[in-house]
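A.B. asks: Got a predicted structure plus its sequence, pasted below:
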Amino acid sequence: MSWDTVIGQQRVKNLLRSQFESGRIPHAMLFHGPEGSGKDAAALLFARALNCRAGGFEPCGSCPDCVGMAALRHPRLKLIFPMPSKDDESSAVDKFTEAELEEMNALIEAKADNLYQPLGMAKAAGIKISSVRDIRRVAAFRAEGRGRTVVLVSGADRMNSSAANALLKTLEEPTGDLLLILTASRKEALLPTIISRCQLLRFDPLREDEIRDALLRLDDIDPANGQVAAQLAGGSFSLALQLAREGGLVRRDEVLQYLRAVVTANPQRLMDSIQTILAGDDRQVLVRFLVAVASWFRDVLAVQSGAADRLLSADFREPITKFAEHYPDTNSSHAIDEIEYCIDLVGKNVHLVNLMIVLSQRLRRCITQEGLVV
């Protein structure tokens, strides 16, 4: 894979190239920006460039180091990401079951195949101190040959307090050729002392056309689904890919049924709807559902703004128009903000039923300007 694998982000690529060519590379970097904007992808390409035997910013792709880096199996590369909760004293994987080890290995293989694949195991509790302690062991090991040992802490904003303090100690005492790259979608969740010891590199949301073009280069993506997914993904390629591969959206009649339950004053109907949405206990499925709900309110906002000719779901024009007419005071912008905040919380190990109840209450207020007691 080449730097073309990293979608857009030309400013970021230029900065990394400048650092590479000057040789002025810090001990720690923080790549921060929205989910799916390419933070991990850029970090892994940078690690590959630093260790490629050809010596150029564009990895050759054929030397043994490039091959090992491409498979994410290289002595100079360490991945740290959210894992299921174990005790803090053991190594991160010491007490994994066979099934958990298989899941972890499958996740790494999927990441190697698609650098935009989110890193995080099912039932992950976050990044714990045992994982951060592994950095010291990696730093103590010096692989032969040129290059830099790179530790990628993916989802660094999901560290617990003990892990964050352990990482801070590592940052205060940089070791040898070790390069720490932290990626985070919520920079503000990190300790200020960690942020101050990293060189910051901001990633922007991807443009719709960048996402669309990247999707259409994939053989398994239907062009129509790719177009819709690019519009709905909010600047995230990883989310757009999920949407495109699953037909662009969950069925929109499911969204309509949920919204009907939201605006009624029947708590049981709402709970039945929420239980149906959460039946598979799959957080990514819930994210896709919430994206679909947000797209509904974007279309309602388009109708309210006199731009009904620019609906994301043009084939659903009639129910969207009727909804906008029946609830003319709907605060669509606020509803979208509430949904996006909820999507952010889905990945933080919150109780999903409670999350959906609170969201439903807030959406009803956005629609009817009234409260809802469940």
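C.D. replies: Happy to help now that I have it. Since the model is a prediction, treat every value here as computed from it, not as a measurement.
A.B. asks: and residue 318, how many neighbours?
C.D. replies: Number of residues near residue 318 (other CB atoms under 10 Å) recorded here: 8. Yep, even glycine has a C-beta here, placed from its N, CA and C like the rest.
A.B. asks: Kindly report the same for residue 162.
C.D. replies: Residue 162 has 13 nearby residues by other CB under 10 Å.
A.B. asks: Tell me which helix or strand comes right after the least confident helix or strand in the chain by mean pLDDT.
C.D. replies: Among the helices and strands of the chain, strand 124-126 carries the lowest confidence by mean pLDDT, DSSP states H and E, at a mean of 72. Counting by DSSP states H and E, the element after strand 124-126 in chain order, helix or strand, is helix 129-140.
A.B. asks: Just the mean pLDDT for stretch 98-109, thanks.
C.D. replies: Stretch 98-109 shows a mean pLDDT of 84.
A.B. asks: Please tell me how far it is from the chain's geometric centre.
C.D. replies: Stretch 98-109 has its C-alpha centroid displaced from the chain centroid by 19 Å (CA atoms, centre = their mean, to the nearest Å).
A.B. asks: do stretch 201-216 as well
C.D. replies: 14 Å.
A.B. asks: Quick check: end-to-end length of that stretch?
C.D. replies: One end of stretch 201-216 to the other measures 28 Å (CA to CA, to the nearest Å).
A.B. asks: Show residues contacting that stretch.
C.D. replies: With contact meaning CB atoms under 8 Å, 6 or more residues apart in numbering, stretch 201-216 is reached by 7-9, 11-12, 15-16, 29-34, 36-39, 42, 221, 223, 226-227, 229-231, 233-237, 240-241, 244.
A.B. asks: Stretch 329-347 too?
C.D. replies: Contact with stretch 329-347 is made by 120, 185-186, 234, 283, 286-287, 290-291, 293-294, 297-298, 300-301, 304, 323-324, 352, 355-356, 359, 362-363, 366-369, as judged by CB under 8 Å, 6+ apart.
A.B. asks: Secondary structure element for residue 78, which one?
C.D. replies: Following DSSP H and E, one finds residue 78 within strand 77-80.
A.B. asks: ok, the nearest residue to residue 339 once chain neighbours are set aside - contacts?
C.D. replies: In this structure, residue 339 finds its nearest non-sequential neighbour in residue 294, 4.4 Å apart by CB to CB, 6 or more residues apart in numbering. Residue 294 makes contact with 232, 234, 335-336, 339-340, 343, according to CB under 8 Å, 6+ apart.
A.B. asks: State the distance from residue 294 to residue 31.
C.D. replies: Note on residue 294: its distance to residue 31, by CB to CB, to the nearest Å, is 26 Å.
A.B. asks: picking up where we left off before, using PDB, list the CA coordinates for the strand holding residue 78.
C.D. replies: Provided in PDB are the C-alpha atoms of strand 77-80 (Å, rounded to 0.1, in the frame of the first residue of the first chain):
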ATOM      1  CA  LEU A  77       5.600  -2.200  15.200                       C
ATOM      2  CA  LYS A  78       3.400  -2.500  18.300                       C
ATOM      3  CA  LEU A  79      -0.400  -2.000  18.200                       C
ATOM      4  CA  ILE A  80      -2.200  -0.900  21.400                       C
END
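A.B. asks: now the helix or strand just after that strand: mean pLDDT?
C.D. replies: Proceeding C-terminally, strand 77-80 gives way to strand 83-84 as the next helix or strand, assigned by DSSP H and E. In this model, strand 83-84 has an average pLDDT of 76.
A.B. asks: what's the answer for stretch 287-295, then?
C.D. replies: Mean predicted lDDT for stretch 287-295 stands at 82.
A.B. asks: What average pLDDT does the host helix or strand of residue 47 get?
C.D. replies: The secondary structure element spanning residue 47 is helix 39-51 (assigned by DSSP H and E). pLDDT averaged over helix 39-51 equals 94, rounded to a whole number.
A.B. asks: and that helix, what does it pack onto?
C.D. replies: With contacts defined as 3 or more CB pairs under 8 Å, 6 or more residues apart in numbering; DSSP states H and E, the packing partners of helix 39-51 are helix 10-22, strand 28-32, helix 64-70, strand 77-80, strand 149-154, strand 178-184.
A.B. asks: Spit out the contact partners of residue 218.
C.D. replies: Contact analysis of residue 218 by CB under 8 Å, 6+ apart lists residue 241.
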